[in-house]
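Asker: Here is a sequence together with a model predicted from it:
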Amino acid sequence: MIEVEGLTKRYGDVTAVDDLTFAVRPGRVTGFLGPNGAGKTTTARIVLGLDRPTRGRALVNGVHYRELRHPLREVGALLDAGAAHKARRAVDHLRWLARSNGIAARRVDQVLELVGLADVGRRRAGRLSLGMSQRLGLAAALLGDPAVLLLDEPGNGLDPEGVRWVRTMVRAWAAEGRAVLVSSHLMAEVAVTAEHLVVIAGGRLLADTTTDEFVRRHCAPAVLARTTEPARLLDLLAGQGLEGRHDAGSSVVLVPGADTAAVGRVAAAGGIALDELSHRADSLEEAFLRLTADAPGFRATAPGVVS
Ligand SMILES: Nc1ncnc2c1ncn2[C@@H]1O[C@H](COP(=O)(O)OP(=O)(O)OP(=O)(O)O)[C@@H](O)[C@H]1O
């Protein structure tokens, strides 16, 4: 498994990772989510011994990466699909990796087969399409049959069929008992692959929970009421113990967990005309944006509730 404990990384004035603690456990896919600049790559680089933390630590199977004798046999990583030398044939790239990690040469053919590259193994890395390069990166990650996998945007550059293939493979690897961390900034894509989510923004942990719980907590259905008097409706709802949400300038009030009849009765009793009364649930992407929008270092704004 991967254990990240109190991890902090500063680059000059920039705090890329800020006191981060989470674990990637075996037997399940953990989605590592955060908007651009959240600190995902920095965390992954520290786990893989490519960068040193300012404080805290990251352990793979209980030790620091640099203490692993044959790292590829313990942890497979896909960080940069373009990492293979352009002039080197795909098969030679894998053979070189296998040799430097004490892995049998026959494993190279197995992983090429596994990722669907058996026919193009003799092609030079520079002549592979983006999707094929991604598959070569996955082949390298799998070479040592590691118990821990760390994959950054594994579906990048793949066509829809390829994305489905990666999703199925990633789930199967976890089902075999591996600890799998898949990082991405695409909430909806990761949520269908991962059972567990670690969400960060501005280098800080925002959520560490099962995907089911995340959906329950952040995408719960709400009642949507549209009115020209949203502030007064909010007050009246609060008087009845119903907590609503309203974005400045919007005509919409959202009341999580309520039913339409209750909200309609409160409006009627207060003489408030409703232009719409309906049910609505946040999409995962909306929930993700809402959760991460206020984090330091993330400058984009989340969309309003509904305007
Ligand atoms: N070598 C570096 N020197 C200075 N700042 C850095 C360095 N590496 C990362 N950063 C900064 O640290 C923060 C986190 O970056 P990081 O690449 O870890 O985020 P990320 O979540 O992987 O983003 P993305 O989804 O865009 O890849 C950013 O503000 C980034 O500019």
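Answerer: Done, it's in.
Asker: Please tell me how far the residue positioned nearest the centre of the chain sits from the ligand.
Answerer: For the chain, the residue nearest the mean C-alpha position is residue 33 (2.9 Å; C-alpha atoms, centre = their mean). Distance of residue 33 to the ligand, given as C-beta to the nearest ligand atom, to the nearest Å: 9 Å. Placement of C-beta: from N, CA and C, glycine included.
Asker: which strand residues sit across from that residue in the sheet?
Answerer: Using DSSP bridges, the beta-bridge partners of residue 33 come out as residue 184, residue 199.
Asker: which ones are touching it?
Answerer: By C-beta atoms under 8 Å, 6 or more residues apart in numbering, residue 33 lies in contact with 40, 183-185, 187, 190, 197-200, 288.
Asker: Share the number of residues neighbouring the residue of the stretch 101-250 of the chain at minimum distance from the ligand, please.
Answerer: Going by C-beta to the nearest ligand atom, the ligand is nearest to residue 185 of the stretch 101-250 of the chain, at 4.8 Å. As a burial measure, residue 185 scores 17 neighbours (other C-beta atoms under 10 Å).
Asker: Does it touch residue 35 like I think?
Answerer: Yes - between residue 185 and residue 35 there is a contact under C-beta atoms under 8 Å: 5.6 Å.
Asker: so where's the stretch 201-307 of the chain shaky on pLDDT?
Answerer: Scanning the stretch 201-307 of the chain for pLDDT under 70 picks out the ranges 296-307.
Asker: any chance you could map the helices in it?
Answerer: Counting by DSSP state H, counting those that start in this stretch, residue ranges of the helices within the stretch 201-307 of the chain are 211-218, 230-239, 260-269, 284-293.
Asker: Switch those over to a markdown table; also include mean neighbour count.
Answerer: Output for these, formatted as a markdown table (neighbours: other C-beta atoms under 10 Å):
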| stretch | mean neighbour count |
| --- | --- |
| helix 211-218 | 16 |
| helix 230-239 | 16 |
| helix 260-269 | 16 |
| helix 284-293 | 20 |
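Asker: can you redo the ones you listed as TSV with distance to residue 72?
Answerer: Output for the helices of the stretch 201-307 of the chain, formatted as TSV (distance: least, C-beta to C-beta, whole Å):
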stretch	distance to residue 72
helix 211-218	29
helix 230-239	57
helix 260-269	56
helix 284-293	33
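Asker: Now tabulate these in CSV and tack on distance to the ligand.
Answerer: Listed next are these as CSV, based on distance: least, C-beta to the nearest ligand atom, whole Å:
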stretch, distance to the ligand
helix 211-218, 18
helix 230-239, 35
helix 260-269, 39
helix 284-293, 11
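Asker: Could you point out which of these sits nearest residue 124?
Answerer: With C-beta to C-beta as the criterion, residue 124 lies closest to helix 284-293 of the helices of the stretch 201-307 of the chain, at 38.2 Å.
Asker: what packs against the closest one?
Answerer: helix 187-193, strand 196-201, strand 204-210, helix 211-218 (3 or more C-beta pairs under 8 Å, 6 or more residues apart in numbering; DSSP states H and E).
Asker: out of these, deepest packed?
Answerer: strand 196-201 (a mean of 24; mean count of other C-beta atoms under 10 Å).
Asker: does the ligand sit close to that one?
Answerer: No - taking C-beta under 6 Å from any ligand atom as the criterion, strand 196-201 and the ligand are apart, separated by no less than 7.4 Å.
Asker: Output the contacting helices and strands for that strand.
Answerer: Here strand 196-201 touches strand 14-24, strand 28-33, strand 204-210, helix 211-218, helix 284-293, going by 3+ C-beta pairs under 8 Å, 6+ apart.
Asker: and residue 52, which of the helices of the stretch 201-307 of the chain is closest to it?
Answerer: Short answer: helix 284-293, nearest of the helices of the stretch 201-307 of the chain by C-beta to C-beta, at 26.7 Å.
Asker: for the closest one, the distance to its chain's centre please.
Answerer: Centre-to-centre, helix 284-293 and its host chain are 12 Å apart (C-alpha atoms, centre = their mean, to the nearest Å).
Asker: Now do that helix and strand 28-33, the angle between them.
Answerer: Using axes from the mean of the first three to the mean of the last three C-alpha atoms, to 10 degrees, the direction of helix 284-293 lies 60 degrees away from that of strand 28-33.
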